[in-house]
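1. Could you work out the structure for the sequence below:
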Amino acid sequence: MTTIATKIAGALTGLVLLGSTALADPVGRYTIEGKGPDGGVYRGTATIEPTGETYRVTWLIGGQKWVGTAVGNDEFFAVSYRYRDTTGVGVYGKDGDGWTGVWAYAGGTTVGAEKMTPR
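-> Predicted coordinates:
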């Protein structure tokens, strides 16, 4: 298993043990770099804001505003997201002072990858 997959698996186990309460958090503003399931590279920004026990995640990528709802803690977060009629899910693990994750479109069979670096 790859290092990021191992971190994500561990983080998911932690969430199950801790319940859905957010402990510490991924709140902040980030520069993002990623590679979509089709292999295309993208860049943009993301903002994560607290909304009670969840977080609102907003990505700005190529003039498109993607919005999601996340749960997690200081080690990982899982997010569902939407842009118009496109939806999907992502899981991110702590990577230094940023986050690294994988994501997929709803119904997808391949994954993309993304790195969030604090701005």
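2. Is residue 67 in contact with residue 51, as I believe?
-> No: using CB atoms under 8 Å, residue 67 makes no contact with residue 51, being 11.4 Å away. Placement of C-beta: from N, CA and C, glycine included.
3. Can you tell me how far residue 61 is from residue 116?
-> Plainly put, residue 61 is 12 Å away from residue 116 if you go by CB to CB, to the nearest Å.
4. who's more crowded, those two?
-> Using other CB atoms under 10 Å, the more surrounded residue of residue 61 and residue 116 is residue 116, with 25 against 17.
5. element containing the more buried one?
-> Here residue 116, judged by DSSP states H and E, is contained in strand 112-118.
6. what residues does that strand touch?
-> By CB atoms under 8 Å, 6 or more residues apart in numbering, the residues outside strand 112-118 that reach it are 28-37, 46, 90, 92, 95, 97-104.
7. Got a quick ChimeraX command for the buried subset of those residues?
-> Remark: buried members of the contacts of strand 112-118, expressed as a ChimeraX selection using 16 or more other CB atoms under 10 Å:
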select :30,32,34,36,37,46,90,92,98,99,100,101,102,103
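8. Which neighbours in the sheet does the strand holding residue 116 have, and how are they oriented?
-> Strand pairing for strand 112-118, determined by DSSP bridges: strand 28-35 (antiparallel), strand 98-105 (antiparallel).
9. Same list, these, but as TSV with mean pLDDT please.
-> TSV is the format used below for those (pLDDT from 0 to 100):
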stretch	mean pLDDT
strand 28-35	98
strand 98-105	98
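10. Next, format the ones you listed as a markdown table and append distance to residue 41.
-> Formatted as a markdown table, the strands paired with strand 112-118 follow (distance: least, CB to CB, whole Å):
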| stretch | distance to residue 41 |
| --- | --- |
| strand 28-35 | 5 |
| strand 98-105 | 14 |
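11. Looking at strand pairing, list the partners for the residue nearest to residue 51 when sequence neighbours are not counted.
-> In space, and not counting its chain neighbours, residue 51 is closest to residue 69: 7.6 Å by CB to CB, 6 or more residues apart in numbering. Beta-bridge pairing for residue 69 (DSSP bridges): residue 56, residue 80.
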